[in-house]
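Engineer: 3D model of this:
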Amino acid sequence: MLQVGMFHSLEVVNEVPFGFYLDGEDKGQILLPTKSAPLGCKLGDKVNAFIYHDSDDRIIATTKRPKVFVDHCAFLKVVSVSKVGVFMDWGLEKDLLVPFSEQTYPMSEGLSYVVYVFCDEETGRLAASTRLSDFLYEESSEEGGTFEAKQEVEILVCGKTDMGYKAIINGSHLGLIFRDEVFKPIKVGHSLTAFVKRVREDGKIDLCFQFHDPTSRNSLEEQIIEDLVAHDGLSTLTDKSSADEISKRFNVSKNAYKKALGSLYRQKRILLDKTKVTLVTDSK
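Structural biologist: Below you'll find the predicted structure:
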């Protein structure tokens, strides 16, 4: 069965002055305009075409690749506001509608948002929504798919909260990156590789960019010592320094750096105060 919002391999069954008609199976013949057809297109050819509705609400085909498919999320820009909602640029001639009823808060022209693209059951047309929790799983479960600690995942940052950042996990689930796990600048709309830090008892998923295991911490401790040696036993990068400064030098989170400093201090390998870190030269 043909699905609107996806690519399909369809046969050319008719040629007209303004394009070609493709066999759309249960959807009937679907127009592929000349400007969207591949060079040398002819009867009997199979064309890999994306199916959607044009500005007159007719099902139409194109070989152009949109920025997002149905049942997927993307970071898109609002290009206009109308009486029925906002329209977003998704790479095709007809812009993608986000109805007012699908907006968690008013959306503004010129700004970009993470949206989920869905097919409206009543009209059969594609639309988008910022109400991500209506379409994505918020818990690791048998029904939606399970996750495990240390599992590598692909995320799309979709929101910012007082605790950190919300992210879409593998296009299907929602998770949270706590602020102290962020050691490099990230923004809404960024696509990144991350890890599942833990699955909580309620099924909610916490994310991180690295694990603070003993092996990695020991390695970081040695990097800090090497850095101190290279700078005559003195560093102004303390546990009070910004996360950005720490990330630039050691590519770790502020939390990981503080733990490594604490371990070195307890080993009496360094001295700590508010403004500097000093190497203890007689340490073994």
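Engineer: you'd agree Gln125 is up against His53?
Structural biologist: Rather than Gln, residue 125 is Arg. Yes - with contact defined as CB atoms under 8 Å, Arg125 and His53 form a contacting pair (5.1 Å). Just so you know, the C-beta spots here come from the backbone N, C-alpha and C atoms, and that holds for glycine as well.
Engineer: Helix or strand with the lowest mean pLDDT in this structure?
Structural biologist: The helix or strand of the chain with the poorest confidence is helix 214-230; it has a mean of 78 (mean pLDDT, DSSP states H and E).
Engineer: chain center to that helix: distance?
Structural biologist: 32 Å (CA atoms, centre = their mean, to the nearest Å).
Engineer: Which other helices and strands does that helix contact?
Structural biologist: Here helix 214-230 touches strand 234-235, helix 243-250, helix 254-266, strand 270-272, strand 277-279, going by 3 or more CB pairs under 8 Å, 6 or more residues apart in numbering; DSSP states H and E.
Engineer: Give me the buried positions along it.
Structural biologist: Neighbour counts over helix 214-230 (16 or more other CB atoms under 10 Å) mark 217, 220-221, 223-225, 228 as buried.
Engineer: Need the residues that contact that helix.
Structural biologist: 210, 234-235, 249-250, 252, 256-257, 259-261, 263-264, 269-270, 277-279 (CB atoms under 8 Å, 6 or more residues apart in numbering).
Engineer: same thing but at 10 Å, please
Structural biologist: Identification of contacts with helix 214-230 by CB atoms under 10 Å, 6 or more residues apart in numbering yields 210-213, 233-235, 237, 249-252, 256-257, 259-264, 267, 269-270, 277-281, 283.
Engineer: quick revisit: out of the helices and strands packed on helix 214-230, nearest to Ile30?
Structural biologist: Ile30 lies closest, by CB to CB, to one member of those: helix 243-250, at 50.4 Å.
Engineer: hey, what's the closest residue to Arg58 other than its chain neighbours bridged with?
Structural biologist: Excluding the flanking residues, the one nearest Arg58 by CB to CB, 6 or more residues apart in numbering is Leu31, at 7.5 Å. Residues in a beta bridge with Leu31, per DSSP bridges, are Tyr21, Ile60.
Engineer: What residues does Leu31 make contact with?
Structural biologist: Applying CB under 10 Å, 6+ apart to Leu31 gives the contacts 14, 16, 18-22, 24, 54, 58-62.
Engineer: so where's this structure uncertain?
Structural biologist: The chain contains residues with pLDDT under 70 at 211-218, 282-284.
Engineer: center of it - which residue?
Structural biologist: Nearest to the geometric centre of the chain sits Leu156, at 1.2 Å (CA atoms, centre = their mean).
Engineer: Do I have it right that that one meets Leu192?
Structural biologist: Yes - the criterion here is CB atoms under 10 Å, and Leu156 meets it with Leu192 at 8.1 Å.
Engineer: shared neighbours, the two?
Structural biologist: Ala167.
Engineer: picking that back up, in ChimeraX, how would I select just the buried ones from the contacts of helix 214-230?
Structural biologist: Selection command for ChimeraX covering only the buried members of the contacts of helix 214-230, criterion 16+ other CB under 10 Å:
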select :210,212,235,237,250,252,256,257,259,260,261,263,264,269,270,277,279
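Engineer: Tabulate the helices and strands packed on helix 214-230 (TSV), appending distance to Ala149.
Structural biologist: What follows is the helices and strands packed on helix 214-230, written out as TSV (distance: least, CB to CB, whole Å):
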stretch	distance to Ala149
strand 234-235	33
helix 243-250	23
helix 254-266	17
strand 270-272	31
strand 277-279	32
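Engineer: can you tell which of these is closest to Lys35?
Structural biologist: helix 243-250 (47.1 Å).
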